[in-house]
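Novice: Give me the fold of what follows.
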Amino acid sequence: MNPSQLSVGVIIGNRDFFPDHLVGEARAEIARFAVQAGFTPVMLSPEETKLGGVETHADACKCAELFRRRRDDIAGVLVVLPNFGTERGVADALKMAALNVPVLVQACPDAPGRLDVSNRRDAWCGKISVCNNLRQAGIPYSLTTRHVTRPGDPSFAADFARFLGVCRVVRGIRKARIGAVGARPGAFNTVRYSEKILERNGISIITIDLSEILGAAAKLDASHVRIKTRIGEIKAYADATAVPPARLLQMARLGVVMDDFIAENRLDATAIQCWNSLQQNHGCNVCTSMSMMSEKLIPSACEVDVTGVLTMHAMQLASGTPSALADWNNNYADDPDKCVLFHCGNWAKSFTPAVRVSTAPILGSALGLENTWGALDGRAQAGPLTFARITTDDTRGVMRAYVGEGELTDDELPTFGNRAVARVPRLQKLMRHVCREGFEHHVAMNASHTAAILEEAFSLYLGWDVYHHEKPAA
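Specialist: Coordinates of the predicted model:
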């Protein structure tokens with residue numbers, strides 16, 4: 001078993017006057033599908049209940065007990081209906097297990113010419129009954145694209161891949177640990193957030209004063225093996241040939257201390273005070289370190305944008321690939337559906353493969369260009385785009401978000417920093433929503449199309465208010 005695989009509880013429903021052989025066949029089919037889809041099934045054995053199915057209340061009790069024993073492992077539950085199933089048995093098992101994880105309901109199709117007593121399933125109808133009982137019990141659940149589908153069907157494989165993404169997002173968000181390094185820049189009220197609302201949603205914030213990070217960095221001797229190793233890692237990561245050795249040393253010191261802070265506190269992500277203190281008191285930008293962390297799937301956001309990096313973390317969980325934080329920054333000529341995404345230079349290398357370590361001209365105009373080495377310069381390559389933003393609505397005491405999809409284009413963009421041209425359908429409508437709803441100017445982006453996963457995780461299972469921009473018709 002791959003230790004990184006998610007474990008999924010499996011409930012195979014049964015009803016006594018339908019053919020039993022369908023249950024055994026479904027169990028074997030799910031076992032084969034688990035290998036294909038890359039998850040670990042947690043289900044009753046044929047020795048524990050008839051064919052490993054759930055039919056009676058006693059079966060439901062055994063299933064619930066199994067799930068409770070594996071509570072720490074199970075990230076979601078798949079309900080399989082090879083026949084009509086017993087809706088109370090499914091609902092009872094989930095109620096008694098009380099896992100509070102995503103649930104996907106699947107039902108098998110009948111075949112024309114096999115509707116005799118020995119082969120008919122009636123799972124089309126049984127799925128409606130199971131969903132009715134789950135709704136009555138207040139248990140949220142996900143549905144397959146087609147009402148009935150077999151585990152071997154391509155449509156179900158796509159549905160289940162999306163479901164695993166939802167499980168990863170829900171599981172990851174509910175136990176996220178984010179490091180807030182330093183105070184937010186004084187000029188940026190936009191990145192204010194509520195720790196208490198985040199805590200209510202299972203998200204912990206671990207704070208540290210920037211002086212502690214800079215003080216620890218200053219104590220690291222230039223000859224220390226970890227510093228030499230980090231300098232080598234930076235040079236291997238990006239073109240650093242233009243960086244003065246003294247600035248490269250400061251970048252390495254900062255990176256080593258951040259690694260220690262993350263490891264000591266078991267953090268999933270960090271949000272860092274990237275200006276002005278770093279440049280004035282340490283003499284470099286933290287962008288390269290942030291980019292390297294994000295590339296390793298430990299996302300990092302600038303300007304202590306905690307809910308921004310939370311969004312990056314969620315997107316990374318959905319897609320399995322690095323995320324980045326950007327400004328909704330500029331119009332692109334007169335095209336109403338295109339805009340420029342920009343930041344000084346902390347995007348993961350996945351977005352900008354031909355990246356080089358440089359200075360930050362905008363910050364440098366006020367802080368001294370020589371103090372801003374560590375920013376990255378690189379153009380994002382064309383490809384799919386998912387964008388999103390999570391925020392805490394402090395006046396209402398709730399979490400809110402927007403999600404959507406578009407594409408990164410290869411349109412000409414002669415400028416500096418990390419930059420991209422994005423095309424988003426009905427972009428002007430999105431910008432009106434962002435402004436009217438008071439969202440931050442930062443947006444998280446991911447090179448995938450995973451908005452549906454984010455929306456389902458945020459709204460259905462986490463209970464957040466979500467706007468899905470230009471959501472495709474079902």
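Novice: Any idea how many residues pack against the closest residue to residue 178 other than its chain neighbours?
Specialist: Computed as Cβ to Cβ, 6 or more residues apart in numbering, the closest residue to residue 178 that is not its neighbour in sequence is residue 269, at 5.0 Å. Where C-beta positions appear, they are placed from N, C-alpha and C, glycine not excepted. Using other Cβ atoms under 10 Å, residue 269 has 27 other residues around it.
Novice: so where's the protein shaky on pLDDT?
Specialist: Residue ranges of the chain with pLDDT under 70: 1-4.
Novice: from the middle of its chain, how far away would stretch 106-121 be?
Specialist: Distance of stretch 106-121 from its chain centroid, counting by Cα atoms, centre = their mean, to the nearest Å, is 38 Å.
Novice: Bridge partners for residue 180, pull those for me.
Specialist: Residue 180 has these beta-bridge partners by DSSP bridges: residue 207, residue 271.
Novice: ok, the spatially closest residue to residue 182 that is not a sequence neighbour - contacts?
Specialist: Excluding the flanking residues, the one nearest residue 182 by Cβ to Cβ, 6+ apart is residue 273, at 2.8 Å. Residues near residue 273 by Cβ atoms under 8 Å, 6 or more residues apart in numbering: 181-185, 210, 303-304.
Novice: And those, which of them are buried?
Specialist: When the contacts of residue 273 are checked for burial by 16 or more other Cβ atoms under 10 Å, the buried set is 181-182, 184-185, 210, 303-304.
Novice: So which of the residues you listed are in helices?
Specialist: residue 210 (DSSP state H).
Novice: Helices along the stretch 201-350 of the chain, start to end?
Specialist: Assigned by DSSP state H, counting those that start in this stretch, the stretch 201-350 of the chain shows helices spanning 210-218, 225-237, 245-265, 277-281, 287-295, 306-319.
Novice: Output those helices in a markdown table, with distance to residue 462 appended to each entry.
Specialist: A markdown table is the format used below for the helices of the stretch 201-350 of the chain (distance: least, Cβ to Cβ, whole Å):
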| stretch | distance to residue 462 |
| --- | --- |
| helix 210-218 | 31 |
| helix 225-237 | 34 |
| helix 245-265 | 23 |
| helix 277-281 | 33 |
| helix 287-295 | 23 |
| helix 306-319 | 10 |
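Novice: For residue 14, which of those helices is the nearest?
Specialist: Nearest to residue 14 among these is helix 306-319; the distance by Cβ to Cβ comes to 33.6 Å.
Novice: Please write out the alpha-carbon positions of the closest one in PDB.
Specialist: Output in PDB follows, covering the C-alpha atoms of helix 306-319 (Å, rounded to 0.1, in the frame of the first residue of the first chain):
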ATOM      1  CA  VAL A 306      -2.900  34.400   5.500                       C
ATOM      2  CA  THR A 307      -6.200  33.800   3.700                       C
ATOM      3  CA  GLY A 308      -4.300  34.200   0.400                       C
ATOM      4  CA  VAL A 309      -2.000  31.300   1.300                       C
ATOM      5  CA  LEU A 310      -4.900  29.300   2.700                       C
ATOM      6  CA  THR A 311      -6.400  29.600  -0.800                       C
ATOM      7  CA  MET A 312      -3.000  28.500  -2.300                       C
ATOM      8  CA  HIS A 313      -3.000  25.500   0.000                       C
ATOM      9  CA  ALA A 314      -6.600  24.500  -0.900                       C
ATOM     10  CA  MET A 315      -5.800  24.700  -4.600                       C
ATOM     11  CA  GLN A 316      -2.700  22.700  -4.200                       C
ATOM     12  CA  LEU A 317      -4.700  20.000  -2.400                       C
ATOM     13  CA  ALA A 318      -7.300  20.000  -5.200                       C
ATOM     14  CA  SER A 319      -4.700  19.600  -8.000                       C
END
